[in-house]
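**Q** Return a 3D structure for these sequence lines:
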Amino acid sequence: MTDSPYVSNPRITVLPVQPGDPPFRVVEIDGEVIGTATAMTDVLLAAAAAGVPVHDLDDPASVRWVGGGKLSWRPR
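**A** This next block holds a predicted model:
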C-alpha cells in the first residue's frame, strides 16, 4: 500500500483477539475504547450506537483491523 495524503485514519479500530471465554477483541472509536466484540456484528452494533456509519467492513478507510481481519475471532 502506498502512502497517500488523501487517505484518512479510520474512526474504528478493532484490536487483536484476546483469549477469553469467548475470545474477544477490543473496539476503539475515535481513539477511545468503547467496549469489546466477540463477532463482527458487535463491531457494527458499536459503530451504530456511536453514530458512525459503516458501509463496508473491508474498507480500510472505515475500519482498521489489527492482528487479523473481520473473520479472525480466535487467538493465534
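
**Q** and the residue lying closest to Pro53 once chain neighbours are set aside, how many residues sit next to it?
**A** Leaving aside its sequence neighbours, Pro53 sits nearest to Ala47 (CB to CB, 6 or more residues apart in numbering; 7.4 Å). No exception for glycine: its C-beta is placed from N, CA and C like everyone else's. Residues near Ala47, counting by other CB atoms under 10 Å, number 20.

**Q** which residues touch Ala47?
**A** When contacts are counted by CB atoms under 8 Å, 6 or more residues apart in numbering, Ala47 touches 12, 29, 53-54.

**Q** pLDDT value on it, please?
**A** At Ala47, the pLDDT value in this model is 97.

**Q** Check the secondary structure at it for me.
**A** helix (DSSP: H, G, I helix; E, B strand; the rest coil).

**Q** how close does the residue positioned nearest the centre of the chain get to Val66?
**A** By CA atoms, centre = their mean, the chain has its centre lying nearest to Val14, at 2.8 Å. Separation of Val14 from Val66 (CB to CB, to the nearest Å): 7 Å.

**Q** Show me where this structure dips below the pLDDT cut-off.
**A** For the chain, applying pLDDT under 70 flags the ranges 1-8.

**Q** Quick one: the strands in it, in order.
**A** 12-18, 24-29, 32-37, 63-65 (DSSP state E).

**Q** How about the backbone phi and psi for His55?
**A** Main-chain torsions, His55, degrees, to the nearest 10: phi -100, psi -20.

**Q** thought it was touching Ser62?
**A** Yes - counting by CB atoms under 8 Å, His55 does reach Ser62; the two are 7.0 Å apart.

**Q** More neighbours: which of those two?
**A** Ser62 (16 against 6).

**Q** distance of the more buried one from Phe24?
**A** For Ser62 relative to Phe24 (CB to CB), the value is 21 Å.

**Q** What is the most widely separated pair among the contacts of Ala47?
**A** Ile29 and Pro53 (11.9 Å; CB to CB).
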